[in-house]
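Q: Fold the following.
(one chain, ligands or ions: 1)
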Amino acid sequence: MTYLPDEKRYAGGHYRRCGRSGIKLPLISLGLWHNFGGVDLFENGRAIVRRAFDRGITHFDLANNYGPPFGSAEENFGKILAQDLRPWRDELVISTKAGYLMWPGPYGEWGSRKYVLASLDQSLKRMGLDYVDIFYSHRPDPDTPLEETMGALDQAVRSGKALYAGVSNYSAEMTARAAAILRDLGTPCLIHQPKYNIFNRWIEEGLTGVLEQEGIGCIAFSPLAQGVLTDRYLKGIPGDSRAGKPHGFLRPEQITEESLAKVRRLNELAQRRGQSLAQMALAWVLRLPQMTSSLIGASSVAQLENNLGALNHLDFSDEELREIDEIAR
Ligand SMILES: NC(=O)c1ccc[n+]([C@@H]2O[C@H](COP(=O)([O-])OP(=O)(O)OC[C@H]3O[C@@H](n4cnc5c(N)ncnc54)[C@H](OP(=O)(O)O)[C@@H]3O)[C@@H](O)[C@H]2O)c1
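A: The predicted structure is shown next:
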């Protein structure tokens, strides 16, 4: 059946400006790292993407190697575009990245101009797109001059294959250098994509200051700590969960009794606030003024809906924030 998006999808108005750029992103964006690959059920992923757009999620985040197998999330997203979302391309912000291992040999990962630009061409082909909205350097490369990697991002933008450039997993210091190089090239750095959640706060020790100063936006990945900051693992490890699947990046041994004890206490606090733990964890990430968007994953439409409920209660009392700090420590 032909897909028609919900006409009320923008009624909530939950968008924030990305740094000092002209573009706004939804407070909650959807990433396709897990659950959208060749090993997953296509119709499930398709339903999640459609519902996301129906609920005003305009930003979808990919990378060359999301799957498994590598490339299959982009292929599946290309299919969803072709079947459902193509008429709304101008309402979508689609991102992809290059940096991690994608193909064998010396030109299949890291930050050389050769790899980065070849990878973007491959991504566009897999998704059936003329351009992506944001193209990221997925990780810093200690062995390639930063000028070369940033030069490749600049070229991607100048050639019209990307509208904006971004970096991911860069330290505060490297972000400042990357921003300066990109500014000199005339392609400002739009956005940084770091890991950030109640259990992982590294960005507060310098990066947020750099982003503020440079006017760069921020989109936090794994805001739910891959599902640990939800009720998913409170009664063991379900077989259909990320930690329960053989190809998931969350391994069962990472779900320790120590972290579960914290999760239980956080869960109680969330209940007192009248929301789910997932909702509280997302609201917590979004409390930072530098944070443009929280980038979630979801394995079902129900999870997506639950996470969007975070938008109904974003504020915290000082006491609640103190309690979260004390539990997470
Ligand atoms: N730049 C980078 O290096 C990098 C690295 C990692 C991720 N990312 C990006 O960030 C996106 C999100 O990362 P992530 O998937 O780790 O994010 P996340 O939101 O921390 O974790 C998502 C997982 O949490 C569980 N979940 C979500 N909502 C839930 C709910 N309401 N109740 C219970 N469980 C819930 C689901 O796990 P189950 O599958 O177990 O149901 C889901 O797959 C990725 O798709 C990717 O786009 C980027």
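Q: Quick check, central residue of this protein?
A: Most central in the chain under Cα atoms, centre = their mean is residue 295, positioned 3.7 Å from the mean C-alpha point.
Q: chain center to the host helix or strand of that one, what's the gap?
A: Applying DSSP states H and E as the criterion places residue 295 in strand 293-296. In this view, strand 293-296 has its centroid 5 Å away from the chain centroid, taken as Cα atoms, centre = their mean, to the nearest Å.
Q: Next, the buried residues of the one helix or strand residue 323 maps to.
A: In this assignment (DSSP H and E), residue 323 forms part of helix 318-328. Within helix 318-328, the residues that qualify as buried by neighbour count (16 or more other Cβ atoms under 10 Å) are 320, 323-324, 327-328. Where you see a C-beta, it was placed from the backbone N, CA and C, and this is true even at glycine.
Q: What are the contacting residues of it?
A: For helix 318-328, the external contacting residues (Cβ atoms under 8 Å, 6 or more residues apart in numbering) are 198-199, 262, 265-266, 269, 273, 284, 287, 316.
Q: quick one: which of those is nearest residue 164?
A: residue 287 (25.0 Å; Cβ to Cβ).
Q: What segments of the stretch 101-250 of the chain are strands?
A: Per DSSP state E, counting those that start in this stretch, the stretch 101-250 of the chain carries strands over the ranges 132-137, 162-168, 189-193, 217-221.
Q: Please identify the deepest-packed of those strands.
A: Among the strands of the stretch 101-250 of the chain, ranked by average contacts under mean count of other Cβ atoms under 10 Å, first place goes to strand 189-193 (a mean of 27).
Q: From the contact counts, what lies against that strand?
A: Under the contact criterion of 3 or more Cβ pairs under 8 Å, 6 or more residues apart in numbering; DSSP states H and E, strand 189-193 touches strand 132-137, strand 162-168, helix 172-185, helix 207-214, strand 217-221.
Q: export those to a markdown table and tack on distance to residue 234 and mean pLDDT?
A: Converted to a markdown table, those look like this (distance: least, Cβ to Cβ, whole Å; pLDDT from 0 to 100):
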| stretch | distance to residue 234 | mean pLDDT |
| --- | --- | --- |
| strand 132-137 | 34 | 99 |
| strand 162-168 | 30 | 99 |
| helix 172-185 | 35 | 98 |
| helix 207-214 | 31 | 98 |
| strand 217-221 | 23 | 99 |
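Q: so can I have TSV of these showing distance to the ligand?
A: Shown next, in TSV, are these (distance: least, Cβ to the nearest ligand atom, whole Å):
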stretch	distance to the ligand
strand 132-137	7
strand 162-168	4
helix 172-185	13
helix 207-214	14
strand 217-221	3
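Q: what pLDDT, on average, does the strand holding residue 295 get?
A: Strand 293-296 carries an average pLDDT of 98.
Q: for stretch 100-109, same thing?
A: Computed over stretch 100-109, the mean pLDDT rounds to 98.
Q: Touching that stretch from outside, list them.
A: Taking Cβ under 8 Å, 6+ apart as the rule, stretch 100-109 contacts 63-65, 70-71, 99, 114-115, 118-119, 122, 138-139.
Q: Mind doing that once more with 10 Å?
A: 63-66, 70-71, 98-99, 110, 112-116, 118-119, 122-123, 138-139, 141, 168-169 (Cβ atoms under 10 Å, 6 or more residues apart in numbering).
Q: For the closest residue to the ligand within the stretch 201-329 of the chain, give me its contacts.
A: Going by Cβ to the nearest ligand atom, the ligand is nearest to residue 297 of the stretch 201-329 of the chain, at 2.2 Å. Contacts for residue 297 (Cβ under 10 Å, 6+ apart) come out as 30-36, 48, 61, 221-224, 226-227, 242, 303-304, 307.
Q: same thing but 8 Å
A: Residues near residue 297 by Cβ under 8 Å, 6+ apart: 30-35, 222, 224, 226-227.
Q: May I see those residues organised as TSV, with pLDDT, distance to residue 175 and neighbour count added?
A: Shown next, in TSV, are the contacts of residue 297 (pLDDT from 0 to 100; distance: Cβ to Cβ, whole Å; neighbours: other Cβ atoms under 10 Å):
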residue	pLDDT	distance to residue 175	neighbour count
30	99	24	23
31	98	20	23
32	98	24	26
33	98	22	20
34	98	26	23
35	98	29	23
222	98	19	24
224	98	24	22
226	98	24	24
227	98	28	23
